[in-house]
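Engineer: how does the following fold in three dimensions:
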Amino acid sequence: MSDVNEEIAPSVAQPGPVVPNFSVLLSSTPRGARLARLLATDQLREWGFPHESAAHVVAELAANAAAHGRLPGRSFRLTLQVTGRTLRIEVADTRGERRPELREADPYAESGRGLVLVAALADRWGVRDGRFPRKTVWAELSDRSAGERP
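Structural biologist: I've put the predicted structure just below:
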């Protein structure tokens, strides 16, 4: 018989690092697109993440979702996630058959440069198919590229 009374602590899983994230459904309208930019800017400020370039990317992706990914009565989803020093911006809409294309805009056109701007500001971007009929357009920015440009 042992004189030692051992207490065994139950094994408790330790949570992993907290990954800041934000997600919201917005109406597929110009007003919803503007609100996406405002909410993203506020959230990034709260996290202390540079927001100027990121706000432009959110504005372009949200405007595209409202203009080209719109189905009456359906919303789009804005998601922001920071992992390490990288911000991932995702905008999901319900027009999976309408995939964005990076193309050269007519120099005299008043629109058509949104994805060119996204490509210039983001470290990388792309499109991911979701459960039909959804698609997600995403962009990643490092904290260095998300801030103001010199």
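
Engineer: now the helix or strand harbouring residue 46, how far from the chain's geometric center?
Structural biologist: For residue 46, the element it lies in under DSSP states H and E is helix 30-47. In this view, helix 30-47 has its centroid 11 Å away from the chain centroid, taken as CA atoms, centre = their mean, to the nearest Å.

Engineer: which parts of that helix are buried?
Structural biologist: For helix 30-47, the neighbour count (16 or more other CB atoms under 10 Å) marks 32, 33, 35, 36, 37, 39, 40, 41, 43, 44 as buried. From N, CA and C alone the C-beta is placed, and that goes for glycine too.

Engineer: quick one: mean pLDDT for that helix?
Structural biologist: The predicted model assigns helix 30-47 a mean pLDDT of 96.

Engineer: what about the closest residue in space to residue 97 that isn't next to it in sequence, distance to residue 27?
Structural biologist: Counting by CB to CB, 6 or more residues apart in numbering, residue 97 lies nearest to residue 133, which is 7.0 Å off, once chain neighbours are set aside. In this view, residue 133 and residue 27 are 18 Å apart by CB to CB, to the nearest Å.

Engineer: next, residue 139: secondary structure please.
Structural biologist: Put simply, residue 139 is strand when judged by DSSP: H, G, I helix; E, B strand; the rest coil.
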